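Colleague: here are the coordinates; sequence isn't available:
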């Protein structure tokens, strides 16, 4: 069988199923433009958090670490189960990767995350006790307090506890792995609000309303292939997405190629250049118009899974982080501030800048600031100081450009700045190394925000640029962005739906031809068998 014949057969038979998938992807993509997957946004989390009050704290960060034991960090969460931490990691169990200060169950607390990937643990700062079990009553108290501050109508006697769940349709995201299993509570309000509480920290970590749950079945659940029975197994889900998207790429390419082969470029005047009529002719011309965008969308969707790790990590390595931190996280450097963190503070975390200890404080409005953690922490970061240290990020390479960004652009932006904005101003440092490395730095806190190479930036255009039209100029001129995306989505959906109809007609036609060719006796015998069966 020739390759052209194989191409035609694949496009004919695989196209029936894949065109249906394409139509669902296009339609659900429009829903996702306006209905996001349920999450507790940063603004919602900060609004529901109590003021950070450490006036009753008697335990320092260093003392808190001594309260923890290896048994406190023996599991890591997945959507399907809790996995044991490998025994080889036990020597590093109590080495903190990060320490966050928060008010938990009305008490000052440290949330300690270890560097071995295990789930975090809470140490209360007032008496040094460790929170090793979050009961349903603790979760209920957290729900009531958070709901009241967030403006959700929560009457205590109406709150229903649905039990602990490892995962469900609205908690499949890997971002919740540190908090599994989750305690689920229904507020039984008019919005159908459901809150999820971490079984590790006792904090509300997700909220959903009835309307977004319903609409997400038409949006993210369909678009991301997110049914719980699939998504709770991350490796299975990745394989399914990769296979379906990969087959979709082949289908789109074969359709474009067949369209090219079927176009009679040598047709005489008065004769058709396209040998199709009726619905097939519509399919041909919609394919010419929207086939390329269908290909680019399916291909860029495949890239969302980062196949073969084509897109390198954008995180700086340990040595690069040390350029500005000066040392690894050392809880012994941090004293409790005598004057507190300010009335607007809701959380803080421990960081170093040039070896000095600071609390990075987050206020209720989302802004961050530094509070000295001891009397020796006096040198604060600045754009000039960070620029001066930048050459140490890549020894042997030359800084080709240093620019202070006061607004977003195509490479540093936030699609939803009202929910979780990236900090501005930010310092961009470019190097002339072989990979053309860039760094974005936060002059307010002295931290590295991200690192990117030429590969990352090319991947950004092929994935974000083609898939969600992340073109900053276009995004700034909404609703122009909406019109462009919806127009292409409708065109792709029409193309796909026509493909489904044509495929279905072809299947019925093949079935009728097989029936018509059968000898009369055989047909009668089969009819008799069917009658006897039913």
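Modeller: Thanks, I have the structure now. Keep in mind that what you see is a predicted model, and the values were worked out from it rather than measured. Numbering: from 1, shown residues only.
Colleague: residue boundaries of the strands in the stretch 401-534 of the chain?
Modeller: With strands called from DSSP state E, counting those that start in this stretch, the stretch 401-534 of the chain shows them at 426-431, 438-442, 447-452.
Colleague: now, of these, which is deepest in the fold?
Modeller: strand 438-442 (a mean of 22; mean count of other C-beta atoms under 10 Å). Yep, even glycine has a C-beta here, placed from its N, CA and C like the rest.
Colleague: what sits up against that one?
Modeller: Contacts with strand 438-442, where a contact means C-beta atoms under 8 Å, 6 or more residues apart in numbering, come from 316, 320, 324, 386, 390, 393, 405, 411-412, 423, 426-431, 447-453, 457.
Colleague: could you check the angle strand 426-431 makes with it?
Modeller: Interaxial angle, strand 438-442 versus strand 426-431 (axes from the mean of the first three to the mean of the last three C-alpha atoms, to 10 degrees): 150 degrees.
Colleague: Direction included, what does strand 438-442 pair up with?
Modeller: Its sheet considered, strand 438-442 pairs with strand 426-431 (antiparallel), strand 447-452 (antiparallel) by DSSP bridges.
Colleague: Need the pLDDT of residue 264.
Modeller: Note on residue 264: pLDDT of 64.
Colleague: and the helix or strand containing residue 216, how far from the chain's centre?
Modeller: Take DSSP states H and E as the rule and residue 216 turns out to sit in helix 210-218. Remark: helix 210-218 is offset 18 Å from the chain centroid, using C-alpha atoms, centre = their mean, to the nearest Å.
Colleague: now do stretch 397-414
Modeller: With C-alpha atoms, centre = their mean, you get 24 Å for stretch 397-414.
Colleague: what does stretch 222-241 give?
Modeller: Stretch 222-241 sits 14 Å away from the centroid of its parent chain (C-alpha atoms, centre = their mean).
Colleague: tell me which residues in that stretch are buried?
Modeller: For stretch 222-241, burial by neighbour count (16 or more other C-beta atoms under 10 Å) applies to 222, 223, 224, 225, 226, 230, 231, 232, 233, 237, 241.
Colleague: Show the contacting residues for the third one.
Modeller: The neighbourhood of residue 224, defined by C-beta under 8 Å, 6+ apart, consists of 37, 231, 241.
Colleague: could you redo the last one with a cut-off of 6 Å?
Modeller: Neighbour list for residue 224: empty [criterion: C-beta atoms under 6 Å, 6 or more residues apart in numbering].
Colleague: again with the second one
Modeller: Residue 223 is in contact with 25, 28, 29, 32, counting by C-beta under 6 Å, 6+ apart.
Colleague: The fifth one too?
Modeller: Contacts were defined as C-beta under 6 Å, 6+ apart; by that measure residue 226 touches residue 220.
Colleague: can you tell me how far it sits from residue 232?
Modeller: To residue 232, residue 226 is 10 Å away according to C-beta to C-beta, to the nearest Å.
Colleague: Low-confidence ranges, this protein, go.
Modeller: Across the chain, the ranges flagged by pLDDT under 70 are 1-13, 87-93, 154, 264-274, 276, 418-419, 507-534.
Colleague: Domain map for the chain?
Modeller: As recorded under automatic domain parsing, the domains making up the chain are 3-33+226-309, 137-208.
Colleague: Can you get me a residue count around residue 156?
Modeller: Residues near residue 156, counting by other C-beta atoms under 10 Å, number 10.
Colleague: Once you drop chain neighbours, what's closest to it?
Modeller: residue 144 (5.9 Å; C-beta to C-beta, 6 or more residues apart in numbering).
Colleague: What is the burial count for the one you found?
Modeller: 18.
Colleague: Over to it. Which of the three states is it?
Modeller: What DSSP: H, G, I helix; E, B strand; the rest coil gives for residue 144 is helix.
Colleague: how distant is the lengthiest helix in the chain from the center of its chain?
Modeller: What stands out as the longest helix in the chain, according to DSSP state H, is helix 480-517. Put simply, helix 480-517 sits 31 Å off its chain's centre (C-alpha atoms, centre = their mean).
Colleague: So which of the contacts of residue 223 sit within strands?
Modeller: Among the contacts of residue 223, the subset assigned to strands under DSSP state E is empty.
Colleague: Could you work out the most separated pair of those?
Modeller: 25 and 32 (10.1 Å; C-beta to C-beta).
Colleague: quick revisit: so for residue 73, which of the strands of the stretch 401-534 of the chain sits nearest?
Modeller: It's strand 447-452; of the strands of the stretch 401-534 of the chain, that one is closest to residue 73 (C-beta to C-beta) at 24.9 Å.
Colleague: List the contacts of that closest one.
Modeller: Outside strand 447-452, the residues that touch it by C-beta under 6 Å, 6+ apart are 314, 316, 438, 439, 440, 441, 442.
Colleague: try it again with 10 Å
Modeller: Outside of strand 447-452, the residues within contact range by C-beta atoms under 10 Å, 6 or more residues apart in numbering are 311-317, 320-321, 323-325, 351-353, 360, 368, 381, 386, 393-394, 411-412, 422-423, 426-429, 435-442, 456, 459-460.
Colleague: So for residue 226 and residue 232, which residues contact both of them?
Modeller: Residues touching both residue 226 and residue 232 (C-beta under 10 Å, 6+ apart): 169, 172.
Colleague: and residue 314, helix, strand or coil?
Modeller: Here residue 314 is recorded as coil under three-state DSSP.
Colleague: Might one say that it is in contact with residue 456?
Modeller: Yes - using C-beta atoms under 10 Å, residue 314 is in contact with residue 456, at 5.9 Å.
Colleague: Tell me which of these two has more neighbours.
Modeller: Comparing residue 314 with residue 456 by other C-beta under 10 Å, the one with more neighbours is residue 456, at 19 against 14.
Colleague: My guess is the more buried one contacts residue 313. True?
Modeller: Yes - the pair residue 456 / residue 313 is scored as a contact, 8.9 Å apart, by C-beta under 10 Å.
Colleague: List the buried residues in the longest helix of the chain.
Modeller: The neighbour-count check on helix 480-517 (16+ other C-beta under 10 Å) flags 481, 485, 488-489, 491-500, 502-503 as buried.
Colleague: Looking at these, which one is closest to residue 417?
Modeller: Using C-beta to C-beta, residue 481 is the member of the buried residues of helix 480-517 that lies nearest residue 417, at 14.5 Å.
Colleague: Show me which of the contacts of strand 447-452 are buried.
Modeller: Among the contacts of strand 447-452, the ones that count as buried by 16+ other C-beta under 10 Å are 311, 316, 320-321, 323-325, 351-353, 360, 381, 386, 393-394, 411-412, 423, 426-429, 436-442, 456, 459-460.
Colleague: picking up where we left off before, mind listing which of the contacts of residue 223 are in helices?
Modeller: 25, 28, 29, 32.
Colleague: wait, what's in contact with the first one?
Modeller: So the one you mean is residue 25. So residue 25 contacts 222-225, 244-245, 248, 294, 297-298, 301, 489, 492-493, 496 (C-beta under 10 Å, 6+ apart).
Colleague: now residue 238: how far from residue 460?
Modeller: Residue 238 is 21 Å from residue 460, where distance means C-beta to C-beta.
Colleague: What residues of the helix or strand encompassing residue 258 count as buried?
Modeller: Element membership for residue 258, per DSSP H and E: helix 234-262. Across helix 234-262, burial judged by 16+ other C-beta under 10 Å covers 237, 241, 244-245, 247-249, 251-256, 258-259.
Colleague: wait, residue 459 sits on residue 307?
Modeller: No - the pair residue 459 / residue 307 is not scored as a contact, 11.2 Å apart, by C-beta under 10 Å.
Colleague: and residue 339, helix, strand or coil?
Modeller: Assigned with three-state DSSP, residue 339 falls in the coil class.
Colleague: mind checking how far it is from residue 500?
Modeller: Here residue 339 is placed at a distance of 67 Å from residue 500 (C-beta to C-beta).
Colleague: Need the three-state assignment for residue 162.
Modeller: Secondary structure, three-state DSSP: residue 162 is strand.
Colleague: how about it, what does it touch?
Modeller: Contacts of residue 162 by C-beta under 10 Å, 6+ apart are 136, 168, 182, 183, 184, 185, 186, 194, 196.
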